[in-house]
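J.: turn this into a structure:
(one chain, ligands or ions: 1)
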Amino acid sequence: MNYKTLGQFIIEKQADFPFAKGELSRLLRDICIAAKIVNREVNKAGLVEILGETGETNVQGEKVKKLDVFANEQFIAALKAGGEVCAIASEENDEIIPVDSEISKSARYVVAMDPLDGSSNIDVNVSVGTIFSIYRRTSLSGPGTLEDFLQRGTEQVAAGYIIYGSSCMLVYTTGKGVNGFTLDPSIGEFCLSHPNMQTPKAGKVYSINEGNYLHFPDGVKKYIKYCQEEDKATERPYSSRYIGSGVADIHRNLITGGIYIYPTTTKSPKGKLRLLYECNPLAFIIEQAGGKATTGGKRIMELPIQELHQRTPLFLGSSNMVDMAMEFMTRFSIEKVS
Ligand code: P6P
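T.: Numbering: from 1, shown residues only. Next up is the predicted model:
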């Protein structure tokens, strides 16, 4: 077998993190255990009574699908059992989940996650994903606190996503580049398939929900028209690709080049995506892959964070495309993006 498993890769890279003494490796192991279980259920979602809605709504006011609840429970259970975290934050939980057990007494990390992003696509067999962000705790001891999560994205020690698609992939960074691992179900291991991922500086794909066009800032409207113009020199018009599952759109654009934009709209005046467990981890990954992530004005990872489920506009992807979109935002959008 000429594959390198995630476990082998982490041990090899251990030397990069003398301070980690294995905790980070064990933390990634815990996340992967839950990912394999969630992948198994996503893959047979149509076959078992796990589809459909629980009838409840989550803190975002979105209808919760049973697989959301299942995924959330699996990641929380795996992280608690692993003993490496003192608290967890999740899109599915209004408040943080402090972890206070014998095995987590010396835990030094907290994990923020979106356990199943894009879940509205579950019933129609479209790829969904998990997004996670890892910080070193700032509190001194005991169960973690809200303050442990209110750190800028630049403080992340690791971030990643799992995409449950035609194959199950884990893509993560610890600040030393981005590596992608594909799950080999025959051995139940994530194997290195995309070493040192770099996103093209220029791309020809733009991803945005144009159904909201009328409510976009003028800079976004002008950028969309720029993408649609005929211009051989810059290979325009670009292609519009929008799956409605952020992890899937961003994963494709990471590989092929492209830009994903979720700007402010009247329905989401601060943007729709959440800073802590969607935008910051995705920004860490895309920057490590040579791309950019901004609000249309400011670098995502430098945004101050005051609340757990804080939202922000997001322009993320190939650096040349993000720069161009920001130029339109600067020239045409009166509301200077915060
Ligand atoms: P809309 C999923 O709910 C999500 O957070 C992203 O994954 C996705 O890109 C976006 O929202 C879809 O939102 O408003 O276009 O349906």
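J.: burial check on the residue in the stretch 101-250 of the chain positioned nearest to the ligand, number of neighbours?
T.: Here the stretch 101-250 of the chain gets closest to the ligand at one residue, Gly246, 2.8 Å apart by Cβ to the nearest ligand atom. Every C-beta, even on glycine, is put in place using the N, C-alpha and C of the backbone. Gly246 has 26 neighbours, counted by other Cβ atoms under 10 Å.
J.: was I right about it contacting Gly118?
T.: Yes. Between Gly246 and Gly118 there is a contact at 6.1 Å, judged by Cβ atoms under 8 Å.
J.: overlap in contacts of those two?
T.: Gly129 (Cβ atoms under 8 Å, 6 or more residues apart in numbering).
J.: ok, back up a step: ok, and the closest non-adjacent residue to the residue of the stretch 101-250 of the chain closest to the ligand?
T.: Asp117 (5.7 Å; Cβ to Cβ, 6 or more residues apart in numbering).
J.: ok, now which ones touch that neighbour?
T.: 91, 128-131, 161, 245-247, 278.
J.: what subset of the residues you listed is buried?
T.: 91, 128-131, 161, 245-247, 278 (16 or more other Cβ atoms under 10 Å).
J.: so Val247, which of the three states?
T.: helix (DSSP: H, G, I helix; E, B strand; the rest coil).
J.: so the closest residue to it other than its chain neighbours, which of the three states?
T.: Nearest non-adjacent residue to Val247, counting by Cβ to Cβ, 6+ apart: Gly129, 2.7 Å away. Put simply, Gly129 is strand when judged by three-state DSSP.
J.: test my guess that Gly129 contacts Gly244.
T.: No. Contact criterion Cβ under 8 Å: Gly129 and Gly244 do not qualify, at 12.0 Å.
J.: between the two, what contacts are shared?
T.: Residues touching both Gly129 and Gly244 (Cβ under 8 Å, 6+ apart) are Gly118.
J.: and the pLDDT at the closest residue to Thr294 other than its chain neighbours?
T.: In this structure, Thr294 finds its nearest non-sequential neighbour in Phe315, 5.1 Å apart by Cβ to Cβ, 6+ apart. As predicted, Phe315 sits at a pLDDT of 98.
J.: and Ala45, by the same measure?
T.: 58.
J.: any idea how far Lys204 is from the residue nearest to the spatial centre of the chain?
T.: Geometric centre of the chain, nearest residue: Ile131, 3.8 Å, by Cα atoms, centre = their mean. Going from Ile131 to Lys204 by Cβ to Cβ, to the nearest Å gives 25 Å.
J.: residues near the nearest residue to Ala107 once chain neighbours are set aside, how many?
T.: Nearest residue to Ala107, sequence neighbours excluded (Cβ to Cβ, 6+ apart): Cys86, at 4.1 Å. Here the number of neighbours of Cys86 (other Cβ under 10 Å) works out to 25.
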